[in-house]
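> Following is a predicted model, sequence given first.
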Amino acid sequence: MATTTNKNFGLKSEKTPYIGISAPADLSTIPTNRIVTLDEFILRSEKDFVYATGELTGLLRDIGVAAKIINREVNKAGLVNILGVADSGENQSGDTQQKLDVYANERLIECLQNSGEVCAIASEENDDIIHVPPVGSKQSHYIVMFDPLDGSSNIDVNMSVGTIFAIYRRQSDPVGPATKEDFLQSGTQQVAAGYVLYGTSTMLVYTTGRGVNGFTLDPSIGEFCLSHRNMRVPENSQTYSVNQGYYSKFDLEMRRYIDHCSDQNYGLRYIGSMVSDVHRILIQGGIFLYPSTRKYPKGKLRLLYECNPLAMLMEQAGGKALNTHLKRILDLAPHDLHQRCTIAIGSPAMVDELKNFIERYSALPL
Ligand code: AHM
Ligand code: MG
């Protein structure tokens, strides 16, 4: 079969939609009890890319290094005087910044700057894009966006937090500086996306558009090891995840859906850290919702740093991700670096079930 370029994610594919493609073929020959480190996996996967110059490989490895450094600090957060609000006060979106947010932000920027694989960065914690000076004569073709420490209000109570990242190829001329337009690409243009979950164990889960794989950090050897091959979200489930405390602030269709979940005795699980909630759903199934509220009429979560990368991962694992106007998250056209959006993400049958409620009860044009 002819090899073509997958328009969505810049991959070599065989006219197959990207969903459902398993882990790179040569991994299937490796016994499941043999340790495969993140570095080995990334290198083995490199040949799947049209743009296989080693840049993306290097970039993913940089993120892996930053994740280990952040993990070290998150793990000892209770032991050192690093908790609390940073001197810098609030971030661009008006949220209180925690010290570890700042630490994670700085380490990620540092690690990505060192190797010169990336020409510019955007972070949830920075107002504007950060240009990365070229390293030597290297021309870098990638930009990275991240939320360095999502769910940081959980740190003080020793609950799970996460780092979310998205990688795109720049659209502007590689000779000049990256532009804002490089960052305002729709989620379908992501070439890789993932998260690090600092939980009971630390996991890095990512996709390059050929399925989703998860790596667990083995602290004794300091390596992320392949632990979850070709992750697939269960088709259906009976668990929903939403901050139900805002029930009276939700639109009618959302209240009707939540009533339905309750009538059907669905289980409610909500950690308040999107990475953790979405990770649970990836493994056990369910739906995560952050709809509009009176405080956040457009939703609270950020399209570029949170919703797009997690939507790519969820779709790659066989799930769905829509906003509450029933538009596919990955198709939304970004207009602002820090724009927020509503989201419903998870098992496909549950997202479809919600869709029916929205179609039936929404007063707004969809
Ligand atoms: P943050 O990026 O400022 O940490 O906010 C995002 C977090 C998500 O991880 C989580 O799902 C959500 O905010 C929780 O919000 P709420 O407390 O309103 O339920
Ligand atoms: Mg966040």
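Structure received. Ligands and ions are numbered 1, 2, ... in the order given.

> What's the separation between residue 207 and ligand 2?
Taking C-beta to the ion, to the nearest Å as the measure, residue 207 falls 19 Å from ligand 2. All C-beta spots, glycine's among them, are computed from the backbone N, C-alpha and C.

> For that residue, the count of nearby residues, please.
23 (other C-beta atoms under 10 Å).

> who's it bridged to?
Taking DSSP bridges as the rule, residue 207 bridges to residue 193, residue 212.

> Assess the claim that it and residue 313 are in contact.
Yes - Residue 207 is within contact range of residue 313, at 5.4 Å (criterion: C-beta atoms under 8 Å).

> any shared contact partners between those two?
Residues within reach of residue 207 and of residue 313 at once, by C-beta atoms under 8 Å, 6 or more residues apart in numbering, are 193, 194.

> what does the chain put close to ligand 2?
Selection of the chain residues close to ligand 2 by C-beta under 5 Å from the ion yields 147, 150.

> got a list of what the residue in the chain positioned nearest to ligand 2 touches?
Relative to ligand 2, the nearest point of the chain is residue 150 (3.6 Å; C-beta to the ion). By C-beta under 8 Å, 6+ apart, the contact list for residue 150 reads 124, 161, 162, 163, 164, 195, 273, 274, 275, 306.

> got it, and residue 235?
By C-beta under 8 Å, 6+ apart, the contact set of residue 235 is 285, 318, 347, 348, 349.

> repeat that with 10 Å
285, 318, 319, 347, 348, 349, 350 (C-beta atoms under 10 Å, 6 or more residues apart in numbering).

> Show the buried residues in these.
285, 318, 319, 347, 348, 350 (16 or more other C-beta atoms under 10 Å).

> Tell me how this structure divides into domains.
Segmentation of the chain into domains, based on automatic domain parsing, reads 7-228, 239-361.

> Out of these, point me to the one whose mean pLDDT is lowest.
Lowest mean pLDDT within these: domain 7-228, at a mean of 82.

> just how off-centre is it within its chain?
9 Å (C-alpha atoms, centre = their mean, to the nearest Å).

> repeat for stretch 309-317
8 Å.

> Now do the buried residues in stretch 34-43.
Of all the residues in stretch 34-43, those buried under the rule 16+ other C-beta under 10 Å are 36, 37, 38, 41, 42.

> And the closest residue to the third one other than its chain neighbours, how far from residue 338?
Excluding the flanking residues, the one nearest residue 38 by C-beta to C-beta, 6 or more residues apart in numbering is residue 224, at 3.8 Å. From residue 224 across to residue 338, the span is 30 Å (C-beta to C-beta, to the nearest Å).

> Tell me which of those two has more neighbours.
Ranked by neighbour count (other C-beta under 10 Å), residue 224 and residue 338 place residue 224 first, with 25 against 16.

> what helix or strand does the more buried one sit in?
Here residue 224 sits within strand 223-228, counting by DSSP states H and E.

> List the contacts of the next helix or strand after that strand.
Per DSSP H and E, the first helix or strand lying C-terminal to strand 223-228 is strand 239-241. Residues outside strand 239-241 that contact it (C-beta under 10 Å, 6+ apart): 257-258, 260-262, 264, 266-272, 274, 276-278, 280-281, 284-290, 344-347, 350, 353-354.

> rerun that using 7 Å as the cut-off
If you take C-beta atoms under 7 Å, 6 or more residues apart in numbering as the criterion, strand 239-241 is touched by 261, 266-270, 277, 281, 284-289.

> And for stretch 286-297?
Outside stretch 286-297, the residues that reach it (C-beta under 7 Å, 6+ apart) are 237, 239-242, 246, 249-251, 254, 277-278, 281, 298-301, 324, 340, 342-347, 350-351, 354.

> Same question for that stretch: list its buried residues.
Using 16+ other C-beta under 10 Å as the test for burial, stretch 286-297 gives 286, 287, 288, 289, 290, 291, 292, 293.

> Repeat that for stretch 180-199.
For stretch 180-199, by 16+ other C-beta under 10 Å, it's 182-199.

> Could you tell me which of these belong to strands?
Residues of the buried residues of stretch 180-199 located in strands (DSSP state E): 190, 191, 192, 193, 194, 195, 196, 197, 198.
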